[in-house]
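J.: Starting from these lines, generate the structure:
(one chain, ligands or ions: 2)
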Amino acid sequence: MTAIAAAQELFVQIVGRDPEGVWSSPGRANLIGEHTDYNDGFVLPFAIAQRTDAALGLRDDRRIRVSSTFTDGVVEIGLDDLDDLFPSHHDRVPEWATYPLGVAWAILQTTDTPTSAVSGFDLAIASEVPVGGGLSSSAAIEGAVSSALNDVWGLGLTAVELAKVGRKAENEAVGAPTGIMDQMASMLGQPDAAIFLDCRSLETQIINLGLEPAGLELLVIDTKVQHSHSTGGYRERRESCEKGAAIMGVPALRDLTIDDLTRAEKLMDDVTFRRVRHIVTENQRVLDTVATLAASGPLAIGDLLLASHASMRDDFEISIAELDTAVEASVAAGAVGARMTGGGFGGAAIALVHADDAVSVAEAVEKAFADAGFTAPHVFPVYPSQGARRDW
Ligand code: ADP
Ligand code: MG
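T.: Ligands and ions are numbered 1, 2, ... in the order given. Alright, predicted model coming up:
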């Protein structure tokens, strides 16, 4: 069953009538630009075909009732209780419910519309995005719910404003310190295209990927390794980046270019320097990828993906044996390029492959994992797709 039908069905089951509409937003993957977001730099994510759908109907009273196929039961609160719940008392509702309720809170905080001017609602959610699999099911649920509320409450926020609402909900209501890349990709995605995002200005440009005409496909290789050390490792990397920027006297590493690296090497310890070098070269690789796609098409970006992986493995030191194996085995089996994607210390890699080779690359990766004694990976294609929209 599609997520649209599942959300509709759950709504009817819980509320006993049809919803007013169904809105959806997709998960995302990042083509290139890793750990550059919090350095005010560049990223190039794309929305995937798997979506989260939110069926919504307004109520005559001031109650909010949310449900999801993700879990049993209905969470009910008063519209006027949102301000008591967030940000401090979010533990009074189950964690999953802080996403939709947090979006309702964040969207009202963002607009000039007083809470008294809107009415309560029933909401039913269903998703095709694997949860916690590095494809940002969190941005998908935020985008679906914010799009729905924006429409039914007549708030008139733009897609970029809704992305910010999603980030605010995730940072302040859920309490997860994430950037805005995921929400921007989920809101703004286009078929066969990536979103070139400047994380400082939030300016975006839709970049045509041209995968299908070139006979190419993107595979996700989920290593199934949970990023158990990611919290500590992520924080450490952020601190190194801040330290490097401070030593160089710039607001963020975004303000350095390749030419500054000679001076950086003289001024800082080896570890900090290598962290800085990853960010500076990765920003350049995002710019180079955008330029290469326009000039020569997707077949020509393989080396940039590989250089990105090497930089994360050797300079930023966030790869693990499973991710290195995924990249090496894909390339040995004919992939055009591959790299780990996401925060690191586990999670997934992506591989750019000739569509005809997709099955053999997947098999080669599975065999390499088995030979190394690793847990079997989950390998599947992802198709750059449309961002948030009304589905019904
Ligand atoms: P990721 O974004 O990588 O999938 P996160 O930990 O950021 O992982 O977000 C996953 C959390 O988002 C889930 O644990 C759950 O709380 C919430 N969530 C995601 N999708 C749904 C859904 N369809 N229904 C209810 N909650 C969801
Ligand atoms: Mg997430």
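J.: Show the average pLDDT along stretch 81-93.
T.: The average pLDDT within stretch 81-93 is 94.
J.: again with stretch 185-195
T.: 98.
J.: anything in stretch 28-35 sitting right up against ligand 1?
T.: No. Judged by CB under 6 Å from any ligand atom, stretch 28-35 stays clear of ligand 1, getting no closer than 9.2 Å. For every residue, glycine as well, the C-beta is placed using N, CA and C.
J.: Find out how far that stretch is from the centre of the chain, if you would.
T.: 8 Å (CA atoms, centre = their mean, to the nearest Å).
J.: Can you give me the end-to-end span of that stretch?
T.: End-to-end span of stretch 28-35 (CA to CA, to the nearest Å): 16 Å.
J.: Pretty sure His227 sits against Leu323.
T.: No. Counting by CB atoms under 8 Å, His227 stays clear of Leu323, with 10.8 Å between them.
J.: Give me the three-state assignment for Val327.
T.: helix (DSSP: H, G, I helix; E, B strand; the rest coil).
J.: if we can go back for a sec, overlap in contacts, His227 and Leu323.
T.: Common contact partners of His227 and Leu323 (CB atoms under 8 Å, 6 or more residues apart in numbering): Gly344, Gly346, Gly347.
J.: so, if you compare those, which one comes nearest to Asp60?
T.: Distances from Asp60 to the shared contacts of His227 and Leu323, taken as CB to CB, are shortest for Gly347 (44.9 Å).
J.: returning to what we had before: more crowded one of His227 and Leu323?
T.: More crowded of His227 and Leu323, by other CB atoms under 10 Å: Leu323, with 27 against 19.
J.: Give me every residue in the stretch 1-150 of the chain lying close to ligand 2.
T.: Ser136, Ser138 (CB under 5 Å from the ion).
J.: if I pick the closest residue to ligand 2 within the stretch 1-150 of the chain, what's in contact with it?
T.: Residue nearest to ligand 2 within the stretch 1-150 of the chain (CB to the ion): Ser138, separated by 3.2 Å. Contacts for Ser138 (CB under 8 Å, 6+ apart) come out as Tyr99, Glu170, Val174, Ala176, Thr178, Asp182.
J.: I only care about those residues that end up buried; give me the ChimeraX line for that.
T.: Of the contacts of Ser138, the buried ones can be selected in ChimeraX as follows, counting by 16 or more other CB atoms under 10 Å:
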select :99,170,174,178,182
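J.: From the contacts of Ser138, pick the one nearest ligand 1.
T.: Nearest to ligand 1, judged by CB to the nearest ligand atom, of the contacts of Ser138 is Tyr99 at 5.0 Å.
J.: which of the contacts of Ser138 lies closest to Gly337?
T.: The nearest member of these to Gly337, counting by CB to CB, is Asp182 at 22.5 Å.
J.: for the closest one, helix, strand, or coil?
T.: Going by three-state DSSP: Asp182 is helix.
J.: Return the distance of it relative to Gly342.
T.: 10 Å (CB to CB, to the nearest Å).
J.: Counting by contacts, list what the worst-scoring helix or strand of the chain on mean pLDDT packs against.
T.: When the helices and strands of the chain are scored by mean pLDDT, DSSP states H and E, helix 230-248 comes last with a mean of 90. If you count contacts as 3 or more CB pairs under 8 Å, 6 or more residues apart in numbering; DSSP states H and E, helix 230-248 packs onto helix 261-267, helix 270-296.
J.: Out of the ones you listed, the one nearest ligand 1 is which?
T.: Set against ligand 1 and scored by CB to the nearest ligand atom, these come closest in helix 270-296, at 20.8 Å.
J.: Strands along the stretch 101-250 of the chain, start to end?
T.: For the stretch 101-250 of the chain, strands defined by DSSP state E, counting those that start in this stretch occupy the ranges 121-127, 193-198, 204-208, 216-222.
J.: Identify, out of these, the most deeply packed stretch.
T.: Highest mean neighbour count among the strands of the stretch 101-250 of the chain (mean count of other CB atoms under 10 Å): strand 121-127, with a mean of 27.
J.: Enumerate the residues of this structure near ligand 1.
T.: 52, 68, 70, 95-96, 99, 125, 127, 131-134, 136-138, 141.
J.: Select only the buried ones of those in ChimeraX?
T.: Here is the ChimeraX command that selects the buried residues among these (16+ other CB under 10 Å):
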select :52,68,96,99,125,127,133,134,136,137,138,141
